[in-house]
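[1] Sequence plus the predicted model coming up.
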Amino acid sequence: MSGTYPHTRLRRVRATAWSRAMHRETQLTPADLIWPLFVTEGDAIEQPVSSLPGVSRWSVDQIVVRAKEAVDLGIPCLALFPNTQPERRSEDGKEALNPDNLMCRAIRAIRDALGDSIGLLTDVALDPYTSHGQDGLIDEDGYVLNDQTVEMLVGQSLNQAAAGADIIAPSDMMDGRIGAIRAALEDEGHANVQIMSYAAKYASAFYGPFRDAVGSGGLLKGNKKTYQMDPANAEEALREVEMDLAEGADSVMVKPGLPYLDIVRRVKDTFEVPVFAYQVSGEYAMIEAAVAAGAGERDALVLETLLAFKRAGCSGVLSYHAAHAARLLNG
Ligand code: PBG
C-alpha cells in the first residue's frame, strides 16, 4: 500500500497520458456493450421516442440495418423489445405466444441476414403484450399472479427460442421462473440457449421512458411493487441472485444501473458469476437532459458512466448509448 509522502506521490503516475494508460485498472471496449432496440410494425419506419431523445423504434427491416451496424462496431449482442400494436394487446398477453409476433419476426430477420455474428437477447415478461401494462396475469384486484404467470413466461421463452433467440432474459421478477424456463428449454431441444436473469430488478422510478417506448406506460395502473424489489434492499438482492443461479441462470443482471452499483459489487464479490447491469431509460434521459441543459458533455458522461459499471464488476452493460459509445471507443 502507499508509503509516506514525499517518497510516495500518487500524482507521479498520473502526470502523462501514456502513464495513465499504463496504470488503468479497468478497460471499456465495444464488446462490453449490449444495445437495447425497440421494434415496431411497418416497413422503412423510424419513430423517435419523445422521452428518449436520440432513440427510435424501428421496423423489422430497419432493425436489421441497426444489427449490421452493431456487428461493424464490435457490439456483441442486441436486446430486443417490441412495441406491440394496441389491438394485439389483451388482458392475458397471449400475443407473447404468437410465433409470428413482432419479436419473433425481428429475431428471424436478423438471424437470416447475419447468422451467428451477433447475439440476440430477448426480454421475457408480459408487459409489452398486456392491455393493463403489468408484467403478468392479474386477478380481479389487479394482483399479479405468480404461478399462472410463470406458465405464460415458459411459453413466451420457448416461442423466442424457437425463433432463434440466444439469450432469454426474464425481466418479470416472478418467483421460480428461471427453473421452469430452464427445464422447458432443456426438454424442447434448446439446451444451449442461455438465460440471463434480471435477478435484482428494482421497482424504480427510472423506467418511465421505456414504458413509453413499448407503449405500456399509458396503460399501466398502479405500480410493480408487489413483484419488483424495494430500492431499500440489498441482502434481498443476494437472495434473488442465489435463487436464480440455483435454478439455472447463466448470468444475472442488476437493474437499474448507476444508482445500484453497490448491488453489482456485492453480487460479484459474493457469487463470482457473470454480472450485467442495465443503464435504464431514465438514466439515459438524465444524461441527455444534462447535455441539453449545458450541464455536461455527452461523450465524457457516456464513457465515464459505462466505465463505472466495469469498475463495479460488470461483465457488460445494456445501454441506449451503446452504439454512440462504441463509435467513440473505436475512434
Ligand atoms: C419490462 C421491462 C422494463 C424494462 C425492461 N424490461 C420496464 C418495467 O419493468 O416496467 C425497463 C428498461 C428501461 O427503463 O430502460 N418487464
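    Arrived safely, thanks for sending.
[2] Confirm that residue 105 sits in a helix.
    Yes. When DSSP: H, G, I helix; E, B strand; the rest coil is applied, residue 105 is found to be in a helix.
[3] Got the phi and psi for the residue nearest to it when sequence neighbours are not counted?
    Nearest non-adjacent residue to residue 105, counting by C-beta to C-beta, 6 or more residues apart in numbering: residue 60, 5.4 Å away. Placement of C-beta: from N, CA and C, glycine included. Backbone torsions of residue 60, given as degrees, to the nearest 10, read phi -60, psi -40.
[4] Spell out which residues sit in contact with residue 60, please.
    39, 102, 105-106, 109 (C-beta atoms under 8 Å, 6 or more residues apart in numbering).
[5] of all these, which two lie farthest apart?
    Greatest spatial distance among those (C-beta to C-beta): 102 and 109, at 10.5 Å.
[6] So for those two, which residue has more residues nearby?
    Using other C-beta atoms under 10 Å as the criterion, residue 102 and residue 109 rank with residue 102 on top: 24 against 18.
[7] wait, isn't that one in contact with residue 81?
    No. With contact defined as C-beta atoms under 8 Å, residue 102 does not reach residue 81; the gap is 9.6 Å.
[8] Overlap of the contact sets of these two?
    Common neighbours of residue 102 and residue 81 (C-beta under 8 Å, 6+ apart) are residue 39.
[9] Let me know how buried residue 51 is, in neighbour terms.
    When neighbours are counted by other C-beta under 10 Å, residue 51 registers 18.
[10] next one: residue 191
    With other C-beta under 10 Å as criterion, residue 191 counts 9.
[11] what number of residues lie near the closest residue to it other than its chain neighbours?
    Spatial nearest neighbour of residue 191, excluding adjacent residues (C-beta to C-beta, 6+ apart): residue 185 at 6.9 Å. As a burial measure, residue 185 scores 21 neighbours (other C-beta under 10 Å).
[12] Was I right to think residue 185 contacts residue 156?
    No. With contact defined as C-beta under 8 Å, residue 185 does not reach residue 156; the gap is 12.0 Å.
[13] And stretch 19-31, end to end?
    Using C-alpha to C-alpha, to the nearest Å, the end-to-end distance of stretch 19-31 comes to 24 Å.
[14] Tell me which residues touch the closest residue to residue 146 other than its chain neighbours, please.
    Distances taken as C-beta to C-beta, 6+ apart place residue 174 nearest to residue 146, at 5.1 Å, with adjacent residues excluded. Residue 174 makes contacts with 135-136, 144, 146, 149-150, 153, 227, as judged by C-beta under 8 Å, 6+ apart.
[15] run the last query once more with 10 Å
    By C-beta atoms under 10 Å, 6 or more residues apart in numbering, residue 174 lies in contact with 124-125, 135-136, 144-150, 152-153, 180, 227.
[16] Filter those residues down to the ones in helices?
    146-150, 152-153, 180 (DSSP state H).
[17] pretty sure residue 209 belongs to a strand, no?
    No. Counting by three-state DSSP, residue 209 falls outside a strand, being helix.
[18] got the CA positions of the helix or strand bottoming out on mean pLDDT in the chain in PDB?
    For the chain, counting by mean pLDDT, DSSP states H and E, helix 208-214 ranks last in confidence among helices and strands (a mean of 95). Output of helix 208-214 as PDB, limited to C-alpha atoms (Å, rounded to 0.1, in the frame of the first residue of the first chain):
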ATOM      1  CA  GLY A 208     -40.700   5.800 -17.400                       C
ATOM      2  CA  PRO A 209     -39.300   6.400 -20.900                       C
ATOM      3  CA  PHE A 210     -39.000   2.700 -21.600                       C
ATOM      4  CA  ARG A 211     -42.700   2.200 -20.900                       C
ATOM      5  CA  ASP A 212     -43.400   5.000 -23.400                       C
ATOM      6  CA  ALA A 213     -41.200   3.200 -26.000                       C
ATOM      7  CA  VAL A 214     -43.000  -0.100 -25.700                       C
END
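[19] Kind regards, and thank you for your time.
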